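Asker: I would like to see how this sequence folds:
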Amino acid sequence: MTSVNTNIGAILAQKFLRVNAAELATTQNRVSSGLRVATVTDDASSFAVAAGIRGDIKAYTAVAAALQGGVTAGTVAVSAGEQVSNRIGDIKAKLVQLSDESLSSASRDTYNADLASMVEEVNNYLAQAEYTGRNLLGSGGDDLLIVSNIDGAAVTLRNNDVADLAIGSIAGNAEAQTALDDLATFKGELDTALANLGADLTRIKSQTEFIKQTEETVRIGLGALVDADLARESAQLSANQVRQQLGVQAIGIANQQPQTLLGLFR
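Answerer: Numbers count the residues shown, from 1 in each chain. Below is the predicted model of the structure:
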């Protein structure tokens, strides 16, 4: 049936044009945002899963930052310990000099002044081995618990509580020998502390690398879930644009058809 009241061709063309317009809008949104799932209306379940993954990524970033802070605290302590270790050799040499009882009073006073300065330097290193108020080398500190995963698990940076070096003026060989024994004991404690710090730092650095790799893997998974395939969307965009143009032309053709009815009444 041919009618001027109901233009079936135009109605169908409008229907397809409306559907194509919706698809074109969807494709344009994907191209502009780079996301296949940008809002909950795109894919409710995928959007919910993606929201949880994004939360995990933020948590992994926070854990990595906390672990890096622990690495810094441990590195500061190790650096101070290495400086102390280097100074111990100088102190030992000075004690050996002071063990010589043939020294003049003036020379002994000079050596003792040098010894006191070096001991003070060592103790200053111990006191200054501090990061954000935490000292993992010198005495009086506490173990440092560092969050190591998004489930709240923690790793421990041990406080090694190395006591200050206590060596006074050396008046003769006997005092020098006692001081050398005290120095050897101090060095043993320092070596143990450095070994502990090195082991703790190795563990934390490994955990930091694990967290970073895990975060990267999770990001890849998130991308696979919500990212748009831009090569595919580009092709789809071109197709939708062509269909839109054809739809407009189809409506024009459909609107011309009723004009042919005028020929029946001539």
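
Asker: would you map the strands across the stretch 101-250 of the chain?
Answerer: Remark: strands assigned in the stretch 101-250 of the chain by DSSP state E, counting those that start in this stretch are 130-131, 134-135, 144-147, 154-157.

Asker: can you give me the helices in the stretch 51-200 of the chain?
Answerer: 105-128, 173-226 (DSSP state H, counting those that start in this stretch).

Asker: which of those sits closest to residue 85?
Answerer: helix 173-226 (6.1 Å; CB to CB). Where you see a C-beta, it was placed from the backbone N, CA and C, and this is true even at glycine.

Asker: and the closest one, what does it pack against?
Answerer: Secondary-structure packing of helix 173-226 (3 or more CB pairs under 8 Å, 6 or more residues apart in numbering; DSSP states H and E): helix 44-98, strand 154-157.

Asker: if you set the cut-off to 10 Å instead, what comes out?
Answerer: helix 44-98, helix 105-128, strand 144-147, strand 154-157 (3 or more CB pairs under 10 Å, 6 or more residues apart in numbering; DSSP states H and E).

Asker: can I get the ones you listed in a markdown table with mean neighbour count and distance to residue 24?
Answerer: Conversion of the helices and strands packed on helix 173-226 to a markdown table gives the following (neighbours: other CB atoms under 10 Å; distance: least, CB to CB, whole Å):
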| stretch | mean neighbour count | distance to residue 24 |
| --- | --- | --- |
| helix 44-98 | 17 | 22 |
| helix 105-128 | 16 | 66 |
| strand 144-147 | 18 | 47 |
| strand 154-157 | 17 | 52 |
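
Asker: columns mean pLDDT and distance to residue 13 on top of these, output as a markdown table?
Answerer: Converted to a markdown table, the helices and strands packed on helix 173-226 look like this (pLDDT from 0 to 100; distance: least, CB to CB, whole Å):
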| stretch | mean pLDDT | distance to residue 13 |
| --- | --- | --- |
| helix 44-98 | 93 | 33 |
| helix 105-128 | 92 | 81 |
| strand 144-147 | 92 | 62 |
| strand 154-157 | 92 | 66 |
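
Asker: kindly reformat these as a markdown table containing distance to residue 226.
Answerer: Conversion of the helices and strands packed on helix 173-226 to a markdown table gives the following (distance: least, CB to CB, whole Å):
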| stretch | distance to residue 226 |
| --- | --- |
| helix 44-98 | 5 |
| helix 105-128 | 49 |
| strand 144-147 | 28 |
| strand 154-157 | 32 |
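
Asker: please tell me how far the nearest residue to residue 226 once chain neighbours are set aside sits from residue 54.
Answerer: Of all residues not flanking residue 226 in the chain, residue 37 sits nearest, at 4.2 Å (CB to CB, 6 or more residues apart in numbering). According to CB to CB, to the nearest Å, residue 37 stands 12 Å off from residue 54.

Asker: can you pull the residues that touch both of these two?
Answerer: residue 226 (CB atoms under 10 Å, 6 or more residues apart in numbering).

Asker: next one: the most centrally placed residue in the chain from residue 77, what distance?
Answerer: Nearest to the geometric centre of the chain sits residue 64, at 3.6 Å (CA atoms, centre = their mean). Distance, residue 64 to residue 77, by CB to CB: 21 Å.

Asker: try residue 172
Answerer: Per CB to CB, residue 172 is found 36 Å from residue 77.

Asker: quick one on the thing from earlier: doesn't residue 205 make contact with the residue nearest to the centre of the chain?
Answerer: No: counting by CB atoms under 10 Å, residue 64 does not reach residue 205; the two are 11.6 Å apart.

Asker: rewinding a little: mind checking which of the helices and strands packed on helix 173-226 is nearest residue 198?
Answerer: Between the helices and strands packed on helix 173-226, helix 44-98 lies closest to residue 198; by CB to CB that is 6.8 Å.

Asker: so which of the helices of the stretch 51-200 of the chain is nearest residue 148?
Answerer: Judging those by CB to CB, what sits closest to residue 148 is helix 173-226, at 5.1 Å.

Asker: what's the local residue count around residue 136?
Answerer: 29 (other CB atoms under 10 Å).

Asker: how about it, phi and psi?
Answerer: Dihedral pair for residue 136: phi -100, psi 0, per degrees, to the nearest 10.

Asker: pretty sure residue 25 sits in a strand.
Answerer: No: counting by DSSP: H, G, I helix; E, B strand; the rest coil, residue 25 is not part of a strand but helix.

Asker: noted, bye for now.
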